[in-house]
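[1] Fold the following for me, if possible:
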Amino acid sequence: MRLFLSLFTVLSIHLLANNVNTCQSCHPIISNEFQQSFHKKSTVKEDAVHKAIWDRHPAKAKGNYKCAKCHTPNASKENQQHQGITCISCHTITGIEEHAKANKNIYETKDKTLYSAEKEMEDKKVVYKEKSSWLGLVKETTGSPYHDIDYRNKIFYTGKICMGCHSHKKNGKGFDVCRTDMAEVKDEKTNCISCHMPKVQGSATTIRESKTHAFHGFAGVRNNPKMLAKYVDISYKKSENGFNITVENKAPHNLLTHPLRVVQLKTTLKRDGKKEALKTETFVKVIGTEGKPSMPWLATEIVKDNMIKGNEKRDIAFDTKLQSGDEIEATLGFYIVNPKAVKKLGLQEHKKLSSFTVLKSSYFRVK
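    As a prediction, this is how the structure comes out:
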């Protein structure tokens, strides 16, 4: 029996590294959330945007998949472009090496050792144990038969665990293709995990019941953006010549960080039962070369950047004079892919990518 259990455990860990279904047996809620996440869908097979960019990359002709380090970290050479980030990808990270071009994840090499975060468990490591009583008729167990779980790794509490892939990336020309300015975020209350993996209802595991768990769908523009709406405030103030709409970004980084994204504020005035669309304000960060947008590997400069920065309040002035009883609707939303780039990338059939998604709407009545 012990030999069978040992073989079962080793086999389970091997499967765990390559198949999220193994995790499903003890973590059904988390696993179902993960299936919808863009960690799971990070490959050229499941992410149309990633595929569109990679299809145009000069390294593709050489068979040199440069994105594997973050997009398919546990995939074998045979299927390196078809297996995305897995549970094991994140839960075996022991530390982050910081480099000028891009950071690097350092992974645990011991079998059966996974890392996680849990309040009031910060100084503990839980290993699987069996305890028999009543002459072996009753058995009590602690931990998981699939793996040990170490709660002592601080990067799982501060959000630094995400910085191996989500910190920055320089192209071959030394230009920052993307950068998430999170260097000053070191606390456990506000960081990548607290915002993008908020506590939601449901037990993290069937082995030990809990009321809540960290959301493993990873809230973002591609999945559950409404979860992030609370980090944006929209306010209104009447002025002498019109009014102002203020958008406050409570996140410590740009409102959207990917250079393909576009944010828009759409404002409508309702007066005497008639609606009038006022100006649309657009926020982008465009990278390129010689003053024009370009593919990331060619970019050498920021062509345009009026994206709302981290912890910034942005005022947008309107010169429409208001009357008592007027109603104003301000809607902040985004495009996953800049509408100007959709055709160039061959993404016309993917309507969701080029559709306006509402992040938050606010309504104001003029007194």
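[2] Break this structure down into its domains, please.
    2-35+86-214, 225-365 (automatic domain parsing).
[3] Adding mean pLDDT and mean neighbour count, write these out as JSON lines.
    (C-beta placed from N, C-alpha, C; glycine too.) Shown next, in JSON lines, are the domains of the chain (pLDDT from 0 to 100; neighbours: other C-beta atoms under 10 Å):
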{"stretch": "domain 2-35+86-214", "mean pLDDT": "84", "mean neighbour count": "16"}
{"stretch": "domain 225-365", "mean pLDDT": "96", "mean neighbour count": "16"}
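[4] I'd like these laid out as CSV, including distance to K45.
    Compiled in CSV, the domains of the chain are given as follows (distance: least, C-beta to C-beta, whole Å):
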stretch, distance to K45
domain 2-35+86-214, 14
domain 225-365, 14
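[5] Which one, of those domains, ends up nearest to A61?
    Counting by C-beta to C-beta, A61 lies closest to domain 225-365 out of the domains of the chain; the figure is 13.2 Å.
[6] How far off centre is that closest one?
    19 Å (C-alpha atoms, centre = their mean, to the nearest Å).
[7] now for the domains of the chain, which one comes closest to H71?
    domain 2-35+86-214 (8.6 Å).
[8] which residues in this protein form helices?
    Listed in chain order, the helices of the chain (DSSP state H) span 2-18, 21-24, 28-35, 48-55, 68-71, 87-91, 155-158, 192-196, 339-342.
[9] Just send those back as CSV, with distance to S362 too.
    Putting the helices of the chain into CSV (distance: least, C-beta to C-beta, whole Å) gives the following:
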stretch, distance to S362
helix 2-18, 45
helix 21-24, 40
helix 28-35, 29
helix 48-55, 29
helix 68-71, 36
helix 87-91, 35
helix 155-158, 32
helix 192-196, 20
helix 339-342, 24
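[10] between the ones you listed, which gets nearest to I328?
    Among the helices of the chain, helix 339-342 sits nearest to I328 (C-beta to C-beta), with 25.3 Å.
[11] ok, residues contacting that closest one?
    Identification of contacts with helix 339-342 by C-beta atoms under 8 Å, 6 or more residues apart in numbering yields L260, V262, P293, Q348, L353, S354.
[12] Can you flag which of the residues you listed belong to strands?
    Mapping the contacts of helix 339-342 onto strands (DSSP state E) picks out V262, P293.
[13] Please tell me how far the nearest residue to E118 once chain neighbours are set aside sits from E329.
    Nearest non-adjacent residue to E118, counting by C-beta to C-beta, 6 or more residues apart in numbering: Y151, 5.4 Å away. In this view, Y151 and E329 are 46 Å apart by C-beta to C-beta, to the nearest Å.
[14] ditto for S354
    23 Å.
[15] what's the answer for T86, then?
    From T86 to E329 the distance is 43 Å (C-beta to C-beta).
[16] and the closest residue to K104 other than its chain neighbours, what does it touch?
    For K104, ignoring the flanking residues on the chain, the nearest one in space by C-beta to C-beta, 6+ apart is E97 at 4.2 Å. By C-beta under 8 Å, 6+ apart, the residues touching E97 are N103, K104, N105, I106, G164.
[17] Just to check, the first one is in contact with G164?
    Yes: A contact is recorded between N103 and G164 when judged using C-beta atoms under 8 Å, the distance being 5.0 Å.
[18] can you list residues touching both of these two?
    I96, E97.
[19] picking up where we left off before, out of the contacts of E97, flag the one nearest to K304.
    Nearest to K304 among the contacts of E97, with distances taken as C-beta to C-beta, is N103, at 26.8 Å.
[20] Could you measure from the closest one over to F283?
    In terms of C-beta to C-beta, N103 sits 27 Å off from F283.
[21] Likewise for K360?
    Relative to F283, and taking C-beta to C-beta, K360 is found at 14 Å.
[22] My guess is L114 contacts N153. True?
    No: the pair L114 / N153 is not scored as a contact, 10.1 Å apart, by C-beta under 8 Å.
[23] who touches the closest residue to A251 other than its chain neighbours in this structure?
    Nearest-residue entry for A251: Y231, 5.0 Å, with adjacent residues in sequence omitted and distances by C-beta to C-beta, 6+ apart. Y231 is in contact with C195, N249, K250, A251, counting by C-beta under 8 Å, 6+ apart.
[24] Tell me the one of the residues you listed nearest D272?
    N249 (34.2 Å).
[25] Quick check: bridge partners of that closest one?
    Using DSSP bridges, the bridge partners assigned to N249 are V232.
[26] re the thing from before, what about the helices of the chain, which gets the closest to G242?
    helix 339-342 (27.9 Å).
[27] Could I get the CA-only coordinates of the closest one as CSV?
    In CSV, the C-alpha atoms belonging to helix 339-342 read as follows (Å, rounded to 0.1, in the frame of the first residue of the first chain):
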residue,chain,number,x,y,z
PRO,A,339,-9.0,49.5,-33.8
LYS,A,340,-6.3,51.0,-36.1
ALA,A,341,-4.2,47.8,-35.8
VAL,A,342,-7.0,45.2,-36.1
